[in-house]
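A.B. asks: Prediction below, plus the sequence it came from.
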Amino acid sequence: MWPDNETDVDLLGFDILADGLLVALTEPRLLPLTVGVLGDWGSGKSSLMGLACAELAADPDARYACVQFSPWQYEDYEDVKAALMAAVLTELGTQAAGDAEQEAEIGKLKAFGQRFARRGRRVARGGVALVPAAVPVIAHAIDHSADPGVVKLIQQGTQAAAGDVAGRLADPAPPPEDDDDPVTDVTEFRSRFARLLKSLDGLAAVVVFIDDLDRCLPETVVDTFEAIRLVLGAPRTAFVVAANQTIVESAVDARYPGLRGDGRSAGIGAQYLEKMLQLKIVVPALAVPEVVTYVNLLLAELHLPAEDFTRLREHVSAQRVTDSLGVAFDLGTMTDLGITVPSGLSADLAWAAAIAPVLARGSRGNPRQVKRFLNTLQLRRRAAARKHVELQPAVLGKLMLLEEEHSEDFQQLFDWQVASGGPSCPQLAAAEVLARGDQAEGTPAPAVPVPDEQSAGSKSPGPARSRARRSDSAPPVVVVDEEVRSWAQPDRLKEWLLLPPALKDIDLRPYFTYSRGQLTLDAVAVSQLTGIQRKLLVGVLGSTDAVRRAGIRGLAEADPRDQGKVIEALASTLLATPEDAFVAVCETIGQLPGSHEVLLRALRRLPPAAVPAGQVAVSARRLPAGDPRTVALLDSWANSGRADLASMVTLARRAVAQGG
């Protein structure tokens with residue numbers, strides 16, 4: 001498996017982007033400079049900055065002071081401006097080691113930063129007196145009809161807590177001012193900071209790499225830019241800011257809501273960023289061939305010895321120079337390099353080649369999403385192996401693509417698998433035939449027929465179903481259920497169905513076992529329903545009173561066999577998700593006497609702790625008042641120890657007694 005963080009090993013071909021960044025940072029005429037490294041979350045911005053930082057630090061011809069800073073790590077703990085100042089000055093302290101005069105000047109600049117931070121905290125808090133000032137408000141809100149002793153205790157506790165919080169928020173006492181040459185304001189700080197940089201012989205520049213800005217609150221985003229602009233914008237300085245441009249622009253807009261654009265032009269956030277960044281380096285999404293190469297390299301890293309992998313990576317890097325948009329690594333590459341290919345790597349590269357194009361589009365070319373997909377795949381394989389279950393990576397990868405990108409289609413496939421009652425899934429087999437174009441109504445197809453009962457996942461045949469026809473002169477014909485045809489029709493599903501391997505002869509149950517986190521709890525409850533029965537259940541579970549009651553009326557008019565199946569599914573849904581089904585269950589009981597046995601039993605099985613008390617007062621009125629089972633049920637809720645549930649039961653009984 002692979003860590004989900006930045007790396008100093010370039011598997012993405014970002015050295016080309018890093019070259020552009022390094023050219024800008026090492027050009028003295030451009031300094032001072034602020035560069036934006038812009039891209040989506042997970043696009044590789046941090047890795048790109050890491051590559052550039054490492055190369056600058058190792059530059060044999062010039063000396064650079066490199067500072068890596070994350071404002072997100074300081075948020076809520078200390079003033080971000082002061083923290084950034086301290087980080088830069090600390091690095092300069094290492095550059096000035098041994099020079100007493102320079103070290104003393106750095107100390108004075110740091111002292112100003114501490115005072116600057118204390119002033120910033122006071123302004124941000126609006127004064128420590130804010131917390132004690134809240135005490136009268138709290139005291140005013142106390143219910144003075146309560147016991148006077150209790151009121152007094154609350155007031156005393158509030159005063160004590162306020163005093164404690166005020167003490168915690170108070171600034172520590174400033175250090176004694178024994179310096180006869182203190183830094184007194186920002187302008188002086190900038191001037192002396194610039195002189196300090198000039199006095200550091202051999203120092204080409206200070207380069208500050210700022211990461212995680214798009215994780216910060218709006219105030220922190222603006223404070224960070226203010227630190228760059230007002231405090232540290234001295235000669236021989238460069239700032240590299242990695243961020244998602246849209247998020248940072250939105251943060252600035254949120255910080256200055258009164259200055260937003262009129263909708264016809266860019267907002268203040270876009271304008272602000274345009275002024276702050278002199279250069280922009282955009283990290284693009286990976287193209288399909290680049291994803292293929294990236295996935296192949298990640299897999300090779302797992303299988304190859306370190307020496308062989310280094311040779312392979314260096315070869316791929318050279319290939320990318322001349323053909324950056326082609327697949328730079330496949331099985332033939334290792335043969336060319338004389339690298340022995342482990343059997344496990346050969347198998348992994350085969351399934352990766354099949355899914356990589358779809359994975360590239362599904363992940364939008366985002367390296368982090370690609371890596372997380374592969375990590376999840378490996379995690380499931382290893383978890384299954386602990387139970388001596390083998391999951392084939394090609395099968396697992398194909399199913400995960402459907403799970404990640406089309407969760408509703410994945411849910412439907414799971415429902416069919418459960419309904420089949422065995423290792424095969426006839427609906428999936430029929431869908432694969434349909435995707436290949438082998439099947440059309442009445443046209444022979446080289447596939448096995450799909451039995452009527454299995455194709456719907458039910459013992460009762462549906463109206464849109466017919467049997468496969470046979471003749472002595474033609475192979476069997478698969479006549480596809482309309483539900484399967486509708487599921488397999490979209491282009492996204494056709495593309496997925498045609499990915500190798502074919503799944504029709506594979507027992508998918510173990511694979512679904514390790515994907516249960518993405519499947520709804522009530523999937524098994526409804527998996528045995530036909531299309532008509534599902535529609536009835538959806539109506540009964542309607543999100544509004546009108547839809548729900550219309551659904552119950554439709555259920556009352558339905559075929560008795562359909563009624564029974566839907567009522568059983570409704571009971572199962574109640575025990576899986578009580579909040580979603582409680583009202584529907586109670587109203588169905590009130591309107592369908594035939595549902596009493598199944599649904600009242602389900603209500604009795606529902607633990608009192610899971611009963612949605614807020615729905616009881618109204619919904620429990622629908623239960624048959626004279627039925628002993630209702631009396632026993634309400635008694636059990638009233639005596640459950642839940643005060644809120646007991647109160648709602650009392651209200652429901654009172655409403656029934658009054659004819660409500």
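C.D. replies: Looks like it arrived, so ask away. Numbers count the residues shown, from 1 in each chain.

A.B. asks: contacts, neighbours, all on C-alpha from now
C.D. replies: OK.

A.B. asks: so where is the stretch 1-150 of the chain shaky, pLDDT-wise?
C.D. replies: Across the stretch 1-150 of the chain, residues meeting the criterion (pLDDT under 70) sit at 1-8, 76-78, 116-150.

A.B. asks: And the helices in the stretch 1-150 of the chain, which stretches?
C.D. replies: In chain order, the stretch 1-150 of the chain shows helices spanning 15-25, 45-57, 71-74, 80-95, 100-125, 130-133, 135-141, 148-169, with DSSP state H, counting those that start in this stretch as the criterion.

A.B. asks: what's the answer for the stretch 551-660 of the chain, then?
C.D. replies: 560-576, 578-591, 596-605, 616-619, 628-638, 643-657.

A.B. asks: Out of those helices, the one nearest Lys504 is which?
C.D. replies: When these are ranked by proximity to Lys504, the top entry is helix 560-576, at 27.8 Å, counting by CA to CA.

A.B. asks: tell me what the closest one is packed against?
C.D. replies: Using 3 or more CA pairs under 8 Å, 6 or more residues apart in numbering; DSSP states H and E as the contact test, the elements touching helix 560-576 are helix 523-526, helix 531-540, helix 578-591, helix 596-605.

A.B. asks: Mean neighbour count, mean pLDDT and distance to Ala18 added to those helices, as a markdown table?
C.D. replies: A markdown table is the format used below for the helices and strands packed on helix 560-576 (neighbours: other CA atoms under 10 Å; pLDDT from 0 to 100; distance: least, CA to CA, whole Å):
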| stretch | mean neighbour count | mean pLDDT | distance to Ala18 |
| --- | --- | --- | --- |
| helix 523-526 | 19 | 50 | 49 |
| helix 531-540 | 20 | 87 | 55 |
| helix 578-591 | 21 | 91 | 53 |
| helix 596-605 | 17 | 90 | 63 |
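
A.B. asks: for the ones you listed, which one sits closest to Gly338?
C.D. replies: Once those are compared by CA to CA, helix 523-526 is nearest, at 51.3 Å.

A.B. asks: Now do stretch 349-358, average pLDDT.
C.D. replies: Taken as a whole, stretch 349-358 has an average pLDDT of 79.

A.B. asks: what's next to it, contact-wise?
C.D. replies: With CA atoms under 8 Å, 6 or more residues apart in numbering as the contact definition, stretch 349-358 has outside contacts at 288-289, 291-292, 295-296, 299, 330-331, 393-394, 397-398, 401, 499-500.

A.B. asks: mind checking the SS state of the closest residue to Ala385 other than its chain neighbours?
C.D. replies: With CA to CA, 6 or more residues apart in numbering as the measure, Leu391 is the residue that lies nearest to Ala385, at 7.9 Å, once sequence neighbours are left out. The three-state assignment at Leu391 reads coil, by DSSP: H, G, I helix; E, B strand; the rest coil.

A.B. asks: likewise Val206?
C.D. replies: The three-state label for Val206, taken from three-state DSSP, comes out as strand.

A.B. asks: Burial check on it, number of neighbours?
C.D. replies: Using other CA atoms under 10 Å, Val206 has 24 neighbouring residues.

A.B. asks: Quick check: it vs Ala104, distance?
C.D. replies: Going from Val206 to Ala104 by CA to CA, to the nearest Å gives 19 Å.

A.B. asks: ditto for Asp644
C.D. replies: According to CA to CA, Asp644 and Ala104 sit 67 Å apart.

A.B. asks: do Pro578 as well
C.D. replies: Note on Pro578: its distance to Ala104, by CA to CA, is 69 Å.

A.B. asks: Surely the residue nearest to Ala385 touches Gln378?
C.D. replies: No: the criterion here is CA atoms under 8 Å, and Leu391 misses it with Gln378 at 9.9 Å.

A.B. asks: So the two - more neighbours on which side?
C.D. replies: Using other CA under 10 Å as the criterion, Leu391 and Gln378 rank with Leu391 on top: 21 against 18.

A.B. asks: Next, the contact list for that one, please.
C.D. replies: 381, 384-385, 510-511.

A.B. asks: if we take the contacts of stretch 349-358, which one ends up nearest to Lys81?
C.D. replies: Among those, and counting by CA to CA, the member closest to Lys81 is Val291, at 38.8 Å.

A.B. asks: show me where the stretch 201-350 of the chain has strands.
C.D. replies: 203-210, 237-243, 279-282 (DSSP state E, counting those that start in this stretch).

A.B. asks: could I get those strands as a markdown table with distance to Leu651 and mean pLDDT?
C.D. replies: Output for the strands of the stretch 201-350 of the chain, formatted as a markdown table (distance: least, CA to CA, whole Å; pLDDT from 0 to 100):
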| stretch | distance to Leu651 | mean pLDDT |
| --- | --- | --- |
| strand 203-210 | 60 | 90 |
| strand 237-243 | 56 | 91 |
| strand 279-282 | 63 | 89 |
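
A.B. asks: Of the ones you listed, which is nearest Val316?
C.D. replies: Each of those was scored for nearness to Val316 using CA to CA, and the closest is strand 279-282 (22.4 Å).

A.B. asks: beta partners for Ala238?
C.D. replies: Per DSSP bridges, residues listed as beta-bridge partners of Ala238: Leu33, Val207.

A.B. asks: For it, give me its contacts.
C.D. replies: Going by CA under 8 Å, 6+ apart, the list of residues near Ala238 reads 25, 31-35, 205-208.

A.B. asks: hmm, 6 Å instead?
C.D. replies: With contacts taken as CA atoms under 6 Å, 6 or more residues apart in numbering, Ala238 has the following neighbours: 32-34, 207.

A.B. asks: And for Phe329?
C.D. replies: The contact partners of Phe329, taken as CA under 6 Å, 6+ apart, are Thr293.

A.B. asks: ok, 10 Å please
C.D. replies: 289-290, 292-297, 312-313, 315-317, 319-320 (CA atoms under 10 Å, 6 or more residues apart in numbering).

A.B. asks: Now name the helix or strand holding the residue nearest the centre of the chain.
C.D. replies: The structure's the chain has its C-alpha centroid closest to Gln369; by CA atoms, centre = their mean the separation is 9.7 Å. Gln369 belongs to helix 367-386 when elements are defined using DSSP states H and E.

A.B. asks: Show me which residues of the very next helix or strand once past that helix are buried.
C.D. replies: The first helix or strand that comes after helix 367-386 along the chain, using DSSP H and E, is helix 393-405. With burial defined by 16 or more other CA atoms under 10 Å, the residues of helix 393-405 counted as buried are 393-403, 405.

A.B. asks: now do stretch 374-390
C.D. replies: Buried residues in stretch 374-390, counting neighbours by 16+ other CA under 10 Å, are found at 374-375, 377-378, 380-381, 384.

A.B. asks: so Gly422, which of the three states?
C.D. replies: For Gly422, the reduced secondary structure class is coil; criterion used: three-state DSSP.

A.B. asks: neighbours around it, how many?
C.D. replies: Each residue near Gly422 was counted by other CA under 10 Å, and the total is 11.

A.B. asks: And Ala97, by the same measure?
C.D. replies: If you count neighbours by other CA under 10 Å, Ala97 ends up with 10.

A.B. asks: What of Gly564?
C.D. replies: Using other CA under 10 Å as the criterion, Gly564 is surrounded by 17 other residues.

A.B. asks: just checking, it touches Gly594?
C.D. replies: Yes: counting by CA atoms under 10 Å, Gly564 touches Gly594, with 8.7 Å between them.

A.B. asks: Val484 and Ala435: what is the separation?
C.D. replies: According to CA to CA, Val484 stands 11 Å off from Ala435.

A.B. asks: now do Ala609
C.D. replies: Relative to Ala435, Ala609 is positioned 48 Å away (CA to CA).

A.B. asks: One more: Arg29?
C.D. replies: The span separating Arg29 from Ala435 equals 61 Å under the rule CA to CA.

A.B. asks: So which of these two has more stuff around it?
C.D. replies: Of the pair Arg29 and Ala435, Ala435 is the one with more neighbours under other CA under 10 Å, namely 20 against 10.
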